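Asks: structure for the following, please:
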Amino acid sequence: MFSVPFAAVSLAALVLAGCGGGGAGASSGSITLYNGQHPETTAALVAGFEKSTGIKVIVRSDDEDVLTNQLVTEGSASPADVIYTENTPALQLLAGKGLLAPIDASTLAQVPSRYNSPDGKWVGVSARVSVMIYNTDLVKTSQLPTSVLQLAEPRWKGKLALAPAETDFQPVVTAVAQRDGQAAALAWLKGLQANAVAIYPDNETVTSMVNSGHAAIGIINQYYWYRERVLVGASGMHSALAYFAPGDPGYVVNVSGAGVLASSHHKADAQRFVAYLTSKAGQEIIAHSDSFEYAIGSGVTTAQGETPLDQLAPDPVSLSELGDGSSAVALLQEAQLL
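Replies: The predicted structure follows:
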């Protein structure tokens, strides 16, 4: 979720923000961005776009599920021109309701097709991967589970940090259901609920609780751990990351993406903004920042010291199979986790 800040974007990223991308020429216009991404990441990208184009971006930030519901309610009367989310299910939901315009083909071409909308209605901007976080004082590496399903076993009772309302958790739920079926996914969720130390609001809290020893293990996207390290310093870290076994449904690469609203009155400038996010200039901002997400466009690779994206071995579930998140939400509600 977007609300908890992390350290400021690096100077290198801000310098790169002014370098190319997004098209030349000034504009006196403005666009409105509904932002469900982390504000610091978005602020650096917006600054680079504004400097490059002269187009002002009015940013309204909230959790992506809140913004998605707002867009559905507003319909064609929405003031939004662009929606930028942490995960793809929100974009798929909006696309399914006919609220997104097609993304320019030249923009889609800047990102590998597997990270884009199946029907061209949104484009991938960055990637992240779901992992285990564990407290190194409480859990030995030899004790770590190899599957996310094992976290529902009794041996983890009273040790698990869980944030089921976090939209980042939905792709994992969907991946479990895709592989093992709805009934198995529901039983797994009930096992997680029984094992949880507490139900936390977001991944930032899960990361903090495991790092501080209030919980032994949790499921997060990898970048939250790196952001925590920036916040508390290396000496304050009492946790580490580990991957589930290759192909496990707890090991999911998911994507942050952006779309242009079909109701936008500034589509040309909105398309320029989305193109900037996936351009070399925009991707370099992500690659060199304290976002710690994976750059995926224009041939840029993340410069931070993480396992390279092309060396990961995640569950093969596709973004299309992750869908609009509704099946995951239904399972979470049935398990009384929402």
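Asks: secondary structure element for the closest residue to Glu334 other than its chain neighbours?
Replies: Once flanking residues are discounted, Glu334 sits nearest to Leu186: 5.9 Å by C-beta to C-beta, 6 or more residues apart in numbering. Quick note: C-beta positions are derived from backbone N, CA and C, even for glycine. Per DSSP states H and E, Leu186 falls inside helix 182-195.
Asks: quick one: the residue nearest to Glu334 and Gln110, what's the gap?
Replies: According to C-beta to C-beta, to the nearest Å, Leu186 and Gln110 sit 39 Å apart.
Asks: higher neighbour count, these two?
Replies: The residue with more neighbours, out of Leu186 and Gln110, is Gln110; 24 against 18, by other C-beta atoms under 10 Å.
Asks: pLDDT score for the more buried one?
Replies: On the pLDDT scale, Gln110 is placed at 98.
Asks: do Ser289 as well
Replies: pLDDT at Ser289 comes out at 87.
Asks: all further residue positions should be reported with the first residue as 22.
Replies: Done: numbering now begins at 22, and the last item shifts to Ser310.
Asks: how near is it to Gln304?
Replies: Ser310 is 11 Å from Gln304, by C-beta to C-beta.
Asks: distance of the nearest residue to Gly320 once chain neighbours are set aside from Thr128?
Replies: Spatial nearest neighbour of Gly320, excluding adjacent residues (C-beta to C-beta, 6+ apart): Lys301 at 7.4 Å. Applying C-beta to C-beta, the value for Lys301 to Thr128 is 13 Å.
Asks: swap in Asn216?
Replies: Where Thr128 is concerned, Asn216 sits at a distance of 43 Å (C-beta to C-beta).
Asks: so between the two, which is more surrounded?
Replies: Neighbours per residue (other C-beta under 10 Å) separate Asn216 from Thr128, with Thr128 holding more: 22 against 19.
Asks: contact partners for the more buried one?
Replies: Val144, Gln292, Val295, Ala296, Thr299 (C-beta atoms under 8 Å, 6 or more residues apart in numbering).
Asks: what segments of the stretch 222-359 of the chain are strands?
Replies: 238-242, 260-263, 274-282, 315-316 (DSSP state E, counting those that start in this stretch).
Asks: got it, and the stretch 72-221 of the chain?
Replies: 77-82, 103-106, 121-122, 144-156, 181-183, 217-220.
Asks: now those strands in TSV, with mean pLDDT and mean neighbour count?
Replies: Below are those laid out as TSV (pLDDT from 0 to 100; neighbours: other C-beta atoms under 10 Å):
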stretch	mean pLDDT	mean neighbour count
strand 77-82	98	16
strand 103-106	98	27
strand 121-122	98	24
strand 144-156	98	25
strand 181-183	98	25
strand 217-220	97	17
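Asks: which residues of the stretch 122-271 of the chain score low on pLDDT?
Replies: Filtered on pLDDT under 70, the stretch 122-271 of the chain yields no residues whatsoever.
Asks: burial of the nearest residue to Pro139 once chain neighbours are set aside, as a residue count?
Replies: Ranked by C-beta to C-beta, 6+ apart and with sequence neighbours excluded, the top spatial neighbour of Pro139 is Ser341, at 4.7 Å. For Ser341, the neighbour count with other C-beta under 10 Å is 12.
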